[in-house]
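What follows is a predicted protein model with its sequence.
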Amino acid sequence: MEPSCTKSFLEQDKEIIAPLYGKSDIEFVKGKGSYLFDKEGTPYLDFVAGIAVNALGHQNQGIKEAVLNQMDKFNHISNLYVNMPQVELGKKLLQITKFDKAFFCNSGTEANEGAIKFARKYFDRKGEGNRQKIITFVNSFHGRTFAALSATGQPALRQGFGSMPGDFVHVAWNDCEALKKEVDNNTCAIMLESLAAEGGVMTLSSEMVSTVNSLQKEFGVLVIVDEVQAGTGRLGTFLGFEKYGLKPDLVTLAKGIGGGLPLGAVLLREFIADQLKPGDHGTTFGGNPIACAAGLSVVNQIMGGILENVKTRSAQLKEGLSELVSKYGFLKEVRGEGLILGIAIDEAVPVANIINAARKEKLMVLSAKGNVLRMLPALTLSEAEAAEGLTKLDAALSNI
Ligand SMILES: *Cc1c(COP(=O)(O)O)cnc(C)c1O
């Protein structure tokens, strides 16, 4: 069907795009920094940031220059040849994180698929092919491709898709006893997010961190930390787990790392990389030169002072959100760290109502599981913008 310009964006989308998302009818045409603008030029304060993708906001100058500069050279050459933007980004990431090797892909789910394959291949090459079991957490989110979906602790997302890769087990978040019961000499890995963002903005308990660390030591299981949402500076440290003291063998990155371009990564320890050979895994687009050039700009900017901003803005927002929790009886508690912040809402008030009320105030926010309001502003958020967000949220809540 020919899309007609008299139809709304949403009507045209419905005619053309497969019906996989519940989409808003706002007609965004442009973004700048922490704002999105609709067709009328109305600014919306963006506390969604492309679901934590636009780490440096919209139209970041450094990313723009890096992309254009790389486009003057080549867009793509495949992984058959050395792609220097990929090497440069990898070098920078290894310097910052003290990991030993990097693998690049295009998305979070691919990064997790890669990490799962590397973990299993590592044990297989060591003659421990029996180690296949991977333990993850209830309500976790690791992606939509089959192994990442098996890893995801949400059975509803697997329904109707037939057989799944096996040997994935899910235990409740922060349930140390349940985790201990599952780990043995047939366990390949424990896989967890440094902060369960989609699952309800749930932070790790210190008991859980020490349980994971001691099981890793005792049974030689690998620890995979999914930093797709919480990494790349979002918790105020470059990788989220640094805040909690996990010692992962593999970490996965995506979302913010490309600053809006599709980019994912797995960082791994030498002893795992040593067991991998050419042909074990691969990707056509992964580590694309343009995405990596953008990624290098993102990482350089984050390490150039943005982590400090994340900490200050986080403290400012947490204080303001706590005041709102005291003011409105249907708000239960503030959750989160850095710039993954949430408010748990009483079941009587669906979080969708608050998202709609915020939209009327021209503030974009999203939800997480368990009736939780989630906020993921750009890491470059200013003091004035954070204050504006709090004022708008207050106005929205007063209309509930
Ligand atoms: C978004 C997300 C993923 C999946 O990333 P995609 O790029 O959508 O494949 C995996 N893990 C976590 C923690 C995420 O937030």
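Nice, I can see it.

which parts of the stretch 251-400 of the chain sit against the ligand?
Within the stretch 251-400 of the chain, the positions near the ligand by CB under 6 Å from any ligand atom are 254-255. Where C-beta positions appear, they are placed from N, C-alpha and C, glycine not excepted.

ranges for the helices of the stretch 251-400 of the chain?
270-273, 289-301, 307-327, 351-360, 383-398 (DSSP state H, counting those that start in this stretch).

Point out the residues in the stretch 1-150 of the chain that sit beside the ligand.
The stretch 1-150 of the chain comes close to the ligand at residues 107-109, 112, 141-143, as judged by CB under 6 Å from any ligand atom.

State the pair within the residues you listed that is farthest apart.
Among those, the pair separated by the greatest distance (CB to CB) is S107 and F141, at 13.0 Å.

Between the two, which has more neighbouring residues?
Neighbours per residue (other CB atoms under 10 Å) separate S107 from F141, with F141 holding more: 27 against 21.

Can you report phi and psi for that one?
Dihedral angles of F141 (phi, psi; degrees, to the nearest 10) stand at phi -130, psi 120.

Name all residues that make contact with it.
152-154, 193, 196-199 (CB atoms under 8 Å, 6 or more residues apart in numbering).

residues touching L397, list them.
L397 neighbours (CB under 8 Å, 6+ apart): 324, 327-328, 331, 354, 357.

how about 6 Å then?
Y328 (CB atoms under 6 Å, 6 or more residues apart in numbering).

so can I have CSV of the residues of the stretch 1-150 of the chain next to the ligand showing secondary structure?
Putting those into CSV (DSSP: H, G, I helix; E, B strand; the rest coil) gives the following:
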residue, secondary structure
S107, coil
G108, helix
T109, helix
N112, helix
F141, coil
H142, coil
G143, coil
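
From these, list the buried ones, please.
Buried members of those, counted by 16 or more other CB atoms under 10 Å: 107-109, 112, 141-143.

Single out the residue in the stretch 1-150 of the chain that lies closest to the ligand.
G108 (2.2 Å; CB to the nearest ligand atom).

Local confidence estimate at that residue?
Looking at G108, its pLDDT stands at 98.

For beta bridges, what are the partners of G33?
Beta-bridge partners for G33, by DSSP bridges, are H58.

thought it was touching N54?
No: look at G33 against N54 with CB atoms under 6 Å: they stay out of range, at 9.6 Å.

Name the residue in those two with the higher neighbour count.
When neighbours are counted by other CB under 10 Å, G33 and N54 differ, and N54 comes out ahead with 28 against 18.

Helix, strand, or coil at the more buried one?
Classified using three-state DSSP, N54 is coil.

cool, and V82?
coil.

Nice, that's everything, thank you.
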